[in-house]
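**Q** fold the following for me, if possible:
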Amino acid sequence: MRQEEWPSLETLELTFLYVSRLSAGRFHSVTTLRLVDCCYKGRFNVLRSFPNLVRLSLIDVVCGEVRLSAPKLEFFSYRDSCQYTQGIHDFSRIRLPSLKRAELYLSRKYLPNDVFLKLLHGIRNVEFLELSTIQLRAMNRAGLLKNQTSYFHKLKSLKLLVNYGLRSLSVPAAVKSYLLSGTPNSQNVHISLGFLPSDMEED
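**A** Residues are numbered from 1 along each chain as shown. From the prediction side, this is the model:
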């Protein structure tokens, strides 16, 4: 699959595929990419394959490493709902200076701490952030955030995703501090609740 075959292609969605190589094509015109239930062999270098990417969604993708350097990216969505296999093992070289909105939906209850914090640090420029509550529990377990510095400095809206059985949500102080303390006028950050998709219900 090469860009030359579709020189004006702007949106690309790949579903249920084993992808061995995307970098050869260098999809210059693609601005929106969705990978759904795909297995990517080796390292996925976003910038090398899609230098003009504005929107990226990774949904139940299995990959050893994602090199997430995308200077024009404004929207990033990462969803991992698989309970039995590890999705993306690592994120590296995260550079997203134009990022405005991010969605992180994780259902696995034990994430590698260093990978999770690296991802949060990488999306620090975000203004609108959605987090599933499983991540909040992961961040707060075992004093994970006790000595962590908040990197979020532009946050305007925080949406917490819960399952249908919950009527209210108590956010631990350490989580609030991490997410809000770096944002000027943090009292003006809009905090709301939403619901997880039905196939990502927590136990």
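**Q** residue 69 contacts residue 93, doesn't it?
**A** Yes. Residue 69 is within contact range of residue 93, at 4.9 Å (criterion: Cβ atoms under 8 Å). C-beta coordinates here come from the backbone N, C-alpha and C atoms, glycine included.
**Q** helices of this protein, start to end?
**A** Taking DSSP state H, the helices of the chain run over residues 46-49, 113-122, 133-140, 173-180.
**Q** rank those by pLDDT, which is bottom?
**A** When the helices of the chain are compared by mean pLDDT, helix 133-140 comes last with a mean of 73.
**Q** quick revisit: ok, residue 69 and residue 93, which is more surrounded?
**A** residue 69 (18 against 13; other Cβ atoms under 10 Å).
**Q** contacting residues for the more buried one?
**A** Contacts for residue 69 (Cβ atoms under 8 Å, 6 or more residues apart in numbering) come out as 45-47, 93-96.
**Q** what's around the residue nearest to residue 115 when sequence neighbours are not counted, how many residues?
**A** Sequence neighbours aside, residue 90 is the residue nearest to residue 115 in space, at 5.7 Å (criterion: Cβ to Cβ, 6 or more residues apart in numbering). Look at residue 90: counted by other Cβ under 10 Å, it has 15 neighbours.
**Q** show me where pLDDT drops low in this structure?
**A** The chain contains residues with pLDDT under 70 at 1-6, 21-26, 82-87, 107-111, 163-172, 197-203.
**Q** identify the bridge partners of the spatially most central residue of it.
**A** What sits nearest the mean C-alpha location of the chain, by Cα atoms, centre = their mean, is residue 78, with 3.7 Å. Here residue 78 sits in beta bridges with residue 58, residue 104, going by DSSP bridges.
**Q** against residue 143, how distant is it?
**A** 25 Å (Cβ to Cβ, to the nearest Å).
**Q** number of nearby residues for residue 162?
**A** If you count neighbours by other Cβ under 10 Å, residue 162 ends up with 19.
**Q** domains of this protein?
**A** For the chain, the structural domains run 1-99, 123-197, going by automatic domain parsing.
**Q** distance from the longest one to the middle of the chain?
**A** To tie it back to what came earlier, the one meant is domain 1-99. 12 Å (Cα atoms, centre = their mean, to the nearest Å).
**Q** same check on the last one?
**A** Distance, stretch centre to chain centre, for domain 123-197: 14 Å (Cα atoms, centre = their mean).
**Q** sorry, back to before: which of the contacts of residue 69 has the most neighbours?
**A** With neighbours taken as other Cβ under 10 Å, the top of those is residue 46, carrying 24 neighbours.
**Q** check contacts around it.
**A** Counting by Cβ under 8 Å, 6+ apart, residue 46 touches 53, 56, 66-70, 73.
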